[in-house]
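*Asks:* can't give you the sequence, but here's the structure:
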DNA sequence: ACGTAATGTCAAACATATATAACATAATGT
DNA sequence: ACATTATGTTATATATGTTTGACATTACGT
């Protein structure tokens, strides 16, 4: 699970980690950890960050099936 | 934070909570709790569920700014 | 009436996200 | 040289997601 948080932060007038954290209700340490992919945030936090940058969650956070586990699509069963 | 999991599960050949849980790597209790909005899942789980139904995260989980806290948009600061 | 499948719900344990506090470095300005 | 700002990083504590095990209800088929 990678993300564009750091890039988006630079594009938003070089917003600092502390400033971003303050705006979305997180600490700067948590922002740093998220940017480095040390863990994936909660869905709620993902929505807050994406909304702040005017993006969709999937535009900010990039997930790949099997990047963690392996599983199929619902349609792969029906069709 | 509401979601369409239950609806999507019915549309997918009446998949059971247990079956959905098995496919995305969760227990049926966790699926039930998520459907009822008792808590919002992790971003990873949200991606797995959305992917299973061939939807985007924001199509499955509906979040509203201020539904939990109050905060602004990045552009609301710039102009 | 009985068994089974699907769901709701609860309590306790466990895993992970997040906060807080502290210390470190590099870059900037005085 | 010194202070300040932004960031990286660690340890510990707290909050919350998730699992496991159990028990209850409803609906269906026999």
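*Replies:* On my side now, so go ahead. Worth saying up front: this structure is predicted, and the values here are computed from it rather than measured.
*Asks:* now the helices: where do they sit in chain A?
*Replies:* Secondary structure of chain A (DSSP state H): helices at A:5-11, A:17-24, A:28-35, A:43-52, A:57-60, A:75-78.
*Asks:* next, the buried residues of the fifth one.
*Replies:* In terms of neighbour count (16 or more other C-beta atoms under 10 Å in any protein chain shown), helix A:57-60 has its buried residues at A:57-58, A:60. Backbone N, C-alpha and C define where each C-beta goes, glycine included.
*Asks:* of these, list those near chain B.
*Replies:* Intersecting the buried residues of helix A:57-60 with the contacts of chain B gives A:57-58 (criterion: C-beta under 8 Å from any C-beta of the partner chain).
*Asks:* ok, the nearest residue to residue A:2 once chain neighbours are set aside - contacts?
*Replies:* Counting by C-beta to C-beta, 6 or more residues apart in numbering or on different chains, residue A:62 is the residue found nearest to residue A:2 once chain neighbours are left out, at 4.9 Å. Listed by C-beta atoms under 8 Å, 6 or more residues apart in numbering or on different chains, the contact set of residue A:62 reads A:1-4.
*Asks:* distance check, residue A:62 against residue B:56.
*Replies:* 13 Å (C-beta to C-beta, to the nearest Å).
*Asks:* same thing with residue A:40?
*Replies:* Counting by C-beta to C-beta, the separation of residue A:40 from residue B:56 is 17 Å.
*Asks:* these two: which is more packed in?
*Replies:* Taking other C-beta atoms under 10 Å in any protein chain shown, residue A:40 and residue B:56 do not tie; residue A:40 has more neighbours (21 against 15).
*Asks:* quick one: the more buried one and residue A:61 touch, right?
*Replies:* Yes - counting by C-beta atoms under 8 Å, residue A:40 does reach residue A:61; the two are 7.3 Å apart.
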